[in-house]
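Colleague: Structure for this input, please:
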Amino acid sequence: SDMDIFTARAGTYGSAVVRYPNGTIGLGIGVDTRFPGRHDIHFIGELWNNDLSKPTNTAVVLGLRLANSSLSVDFGMAVISAPAFVPVMSFAWTPF
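Modeller: Residues are numbered from 1 along each chain as shown. The predicted model follows:
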């Protein structure tokens, strides 16, 4: 087969079958920087592409991160090649 197939799961929200072409090279790069004078607010940006030979497989995520010693909350928008804007968020709690 010329495709790897796996299931991506999103907890109780469901799952999706993902097909990934064999022999491709992908790229993911990100930036996280604090705003001057505010140690709890960050700008985040990410660029993702699962096949560098196809620029249409690119997604860009831009957003804000609110963080302290035990909680991190990300809010932003993803721009995908459809073209479409997709809201994104992430929560992480690390009390210890």
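
Colleague: can we go C-alpha only for contacts and neighbour counts from here?
Modeller: Will do.

Colleague: what bridges to residue 48?
Modeller: For residue 48, the beta-bridge partners under DSSP bridges are residue 28, residue 59.

Colleague: got it, and residue 78?
Modeller: Beta-bridge partners of residue 78, as defined by DSSP bridges: residue 61, residue 86.

Colleague: so who does it touch?
Modeller: Contacts here follow Cα atoms under 8 Å, 6 or more residues apart in numbering; on that basis residue 78 touches 59, 60, 61, 62, 85, 86, 87, 88.

Colleague: Residues touching stretch 33-53, excluding its own?
Modeller: 20, 24-32, 55, 57-68.

Colleague: Drop anything exposed from those residues.
Modeller: 58, 59, 60, 61, 62, 63, 64, 65, 66, 67 (16 or more other Cα atoms under 10 Å).

Colleague: Check the closest residue to residue 24 other than its chain neighbours and give its pLDDT.
Modeller: Nearest non-adjacent residue to residue 24, counting by Cα to Cα, 6 or more residues apart in numbering: residue 51, 5.6 Å away. Looking at residue 51, its pLDDT is 87.

Colleague: Then the one 10 residues further on?
Modeller: Note on residue 61: pLDDT of 95.

Colleague: ok, it touching residue 77?
Modeller: Yes - counting by Cα atoms under 8 Å, residue 77 is a contact partner of residue 61 at 5.7 Å.
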